[in-house]
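Enquirer: Need a 3D model of the following:
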Amino acid sequence: SPPPSPSSSITIPLRGEKTNTLLLASTLNNRVISHDVVCEKGYPIYRTSILDGYAFRLTDWGFKTEGEQAWIVDGYNRAGERGVYNKDKGNINTPSCRYVTTGGRVPDEYDFVLPIELFQINSSTNVVKISSGARPPTPSKDLNVRLPGSDIPRKSVVLCSGQIINNVVMGLLSTSGAREVRVYQRLVVGVMSTGSEVRDVG
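Expert: Residues are numbered from 1 along each chain as shown. The predicted structure follows:
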C-alpha cells in the first residue's frame, strides 16, 4: 500500500511556549516524522571549548608582569550556562583570560584555549600563571575551539521524513534547536466480524 500523505500529518510542539525546555519524549515515542527536520542555526551555535582550560587573546600572549606571564581571570563559562563575570578584575594593567569548561562558550573577544593543567591560579587574587616546568604550545587562532556549525552545518537536514522517533532521535531534535516536529497521525484500526466465521466457545 502507498505511504501516508504528508497532508495527514500533525504538528507537535517540542518546547514550552515560554521556555526552551524539551517536552517529555513519551508524547513522541514511536511517532513517525512526516517532514524533514532542518537545523536552521547549525550546531554548535557559538564557539565552544573542546577542553577544560583558559581562553586567551593572541595580543596578550607574551605580556609580562614583574617578569612573569600572568593573567587575571575575568569570569568563567561552563557548558550549558551563562557566563559568570568577576566584578573586581584586579590590576587593570594585567591582561585577562576566561576559565571555560569542555563545551563552555568561548567569548568572541578571546582567540584560543589552553588546558587548565598548564597553569596555576592564586585563588585570592584570581591571577593565573604558567606552571613551573609547563611548556604551552604555540598559540594560534581558534586553537582548542570548536567553531559554530562544525558539528551540524547551518540549514542541513538532520532527520528525514519517515524516521521513527526514539530516544536517539529525541537527542537530535534537541540538538537541532527545533521547536516543533511534524508527524503522521496515528492510524485508527477497527475490527468488525461478520458471518459465521467466529462462533461462541463450545
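
Enquirer: Under the pLDDT cut-off, which ranges of this structure? List them.
Expert: 1-26, 63-67, 83-93, 195-199, 202 (pLDDT under 70).

Enquirer: for it, what spans make up the helices?
Expert: Per DSSP state H, the chain carries helices over the ranges 167-176.

Enquirer: What residues does the residue nearest to the spatial centre of it make contact with?
Expert: The structure's the chain has its C-alpha centroid closest to P44; by C-alpha atoms, centre = their mean the separation is 5.4 Å. Neighbour list for P44: 146, 148-151 [criterion: C-beta atoms under 8 Å, 6 or more residues apart in numbering]. The C-beta positions use only the backbone N, C-alpha and C, and glycine is treated the same way.

Enquirer: Return the member of these nearest to R186.
Expert: R186 has its nearest neighbour among those in D151, at 32.8 Å by C-beta to C-beta.

Enquirer: and the residue nearest to the centre of the chain, how far is that from T27?
Expert: 27 Å (C-beta to C-beta, to the nearest Å).

Enquirer: same question, Y99
Expert: Shown here: Y99 relative to T27, a distance of 39 Å by C-beta to C-beta.

Enquirer: Would you mind telling me which of the two has the busier surroundings?
Expert: Y99 (25 against 12; other C-beta atoms under 10 Å).

Enquirer: bridging residues for the more buried one?
Expert: Per DSSP bridges, the residues bridged to Y99 are Y54, Y76.

Enquirer: hang on, T48 packs against G149?
Expert: No - here T48 lies out of contact with G149, judged by C-beta atoms under 8 Å, at a distance of 11.5 Å.

Enquirer: hey, where'd the strands end up in the chain?
Expert: 9-13, 37-39, 48-49, 53-56, 70-77, 84-85, 96-100, 112-115, 119-122, 127-130, 145-146, 156-159, 180-184 (DSSP state E).

Enquirer: For N166, find the nearest of those strands.
Expert: Per C-beta to C-beta, nearest to N166 of the strands of the chain: strand 156-159, 11.3 Å.
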